Each structure stands twice: as structure tokens, then as C-alpha cells.
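Enquirer: sequence first, then the predicted structure, then my questions.
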Amino acid sequence: MKKTLVISALAALLATGFAQAAEKLTIAATAVPHAEILELIKPLLAKEGVDLQIKVFTDYVQPNLQVDQKNIDANYFQTKPYLDNFNKGKGTNLVIVTGVHVEPFGAYSHKYKSLKDLPVGATVAIPNEGSNSGRALLLLQKSGVIKLKDPTNALSTPKDISENPKKLKFKELDAAMLARVLDQVDLALINTNYALEAKLNPVKDSLALEDRSSPYVNYLVARPDNKDSVAIKKLAAALTSQQVKTFIEGKYAGAVVPAF
């Protein structure tokens, strides 16, 4: 009887120990493709003692603020130009952990089948945030629609356009709104995560699309105080695993491209 009680007590202690060993790690992400990729690796991390808690956001501001305020451990949704601009503008000091994928940025229209078909005075919707605004304008320049004063300036705004032969009218909106106003404008430059959520296929539906050499990698981002933690390192390794690479290539078929 005593032996049975001792064995039971040991089992209980071991069970408690294993339960406590799972470290909770919260991460902010946008729904597609970031949260989908994180859901894929959640079971893998659980086996490694990391309880991954995924918090889905619909905007690009709160994920950074929540990490900076230590309400969330890390985030996965943004490019380096966006992060640099955010840190500078908000006084934060978030840091890159590792690059995961590229989402080729695209131009979409429900009214026209080619950029050449855009009429004079067409309304073009672009993101209202510095790095994404510049990204949209750089794509239009590369497509021959406009010319910028500085063709290398990733933070260009409509004020930096030097040549606009079609006299396009630019409407700057929150990135999350662009797919929703597609029927109300002639052209919209949309981040791929929002395009995918709107059931747009960047490869098939876009009138212009960044190629695979795009420098706009989406990164896992954390703070200086936790970027080297064991849990973050395990998350970074999982996000850059062959399993994730195979998943991205199979599920998104070119709309999302592995960056590792």
C-alpha cells in the first residue's frame, strides 16, 4: 500500500513537473499567412516545451505596441522598412529575430485587366503608411506607370512623384481597407496578406506583382530583452524549418515565397 502511494506521488510530481516545463510564448500575427503558418508549427513547439499562444490582429500598429509594452512576447507580420519606420516614429526599439517569407506586393483592379487600360485621372488607392506607401509607388514606377524623384526611396509618397502622365489621383488609406474599396477605385495596391484574406490570388489576379527578388521579407520580431531567449530561438528555428518551407510552397503557390 505504501509502495503504491509512493509511486502515485512520484507520478503526480513528474506530471506537475512536465506541465510546468511548457513555457508560454505569445505571438502577434495577421491572419493570413502568418497565423496559418504559426498554427502549423504549434504542435511541433509543444513537443519542445513551448506553449505557443497566437494572437491575431487586423492592423499593423497594435502588434508592435503590444510587444513593446511587454503584453506580447513577439510578432510576425512585418518587413524591415516598416519596422525601421515604426521604431523611428514611435520611439520603440523592436528588433529582428529571423526572416521567414516574402509576400510579393500587388496591384489589383475590378475594372481593368491591364495597367495600360487605366484612364487619365484614374483613382489609385495605396497604403497610407510610409514604407508600404513607398512600396506601392516603387511597384508602379517599375511597371512604367509613374516616375519618382528618387527611384530608390523606399519611403516615397505621392509628393515624390516626378512624372504622372495619366494624372492618376492617389487615395491613401489604411492597408487593411484597400481590398474592401477595390470596387470603389480604379486600382488598389494591396499587401498580400490582405489580398489573400479577400480571396484574391496575387499570381493570377494582380495587374502588377513584385518578383521573387523583393527585399520585403516578413520577419519574426521581438525585443532586445527576449530576442535570445530559448523559447524565441525555438520559434525561429521552427519558422525556418523544411516543414514550413514545404507548407508555404504548397499552400500559397507563389503568392507567398520562403525567404530561407
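Expert: That came through fine. Numbering: from 1, shown residues only.

Enquirer: now do the buried residues in stretch 50-65.
Expert: Using 16 or more other C-beta atoms under 10 Å as the test for burial, stretch 50-65 gives 50, 52, 54, 55, 57, 60, 63, 64, 65. (C-beta placed from N, C-alpha, C; glycine too.)

Enquirer: ok, the first one touching residue 26?
Expert: In other words, residue 50. No: look at residue 50 against residue 26 with C-beta atoms under 8 Å: they stay out of range, at 10.9 Å.

Enquirer: and the gap between residue 150 and residue 222?
Expert: 32 Å (C-beta to C-beta, to the nearest Å).

Enquirer: which strands or helices does the strand or helix carrying residue 101 pack on?
Expert: Element membership for residue 101, per DSSP states H and E: strand 95-102. Using 3 or more C-beta pairs under 8 Å, 6 or more residues apart in numbering; DSSP states H and E as the contact criterion, the secondary-structure elements in contact with strand 95-102 are strand 217-222, helix 230-239, strand 257-258.

Enquirer: about what we covered before: residue 228: which of the buried residues of stretch 50-65 is nearest?
Expert: Of all those, the one with the least separation from residue 228 (C-beta to C-beta) is residue 50, at 15.0 Å.

Enquirer: adding mean neighbour count and mean pLDDT, write the helices and strands packed on strand 95-102 out as TSV.
Expert: Converted to TSV, these look like this (neighbours: other C-beta atoms under 10 Å; pLDDT from 0 to 100):
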stretch	mean neighbour count	mean pLDDT
strand 217-222	24	97
helix 230-239	19	98
strand 257-258	19	94
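
Enquirer: how about these, which one is nearest residue 115?
Expert: Across these, the minimum distance to residue 115, taken as C-beta to C-beta, is reached by strand 257-258, at 22.4 Å.

Enquirer: run through who's touching that closest one.
Expert: 100, 101, 102, 103, 104, 212, 244, 245, 248, 249 (C-beta atoms under 8 Å, 6 or more residues apart in numbering).
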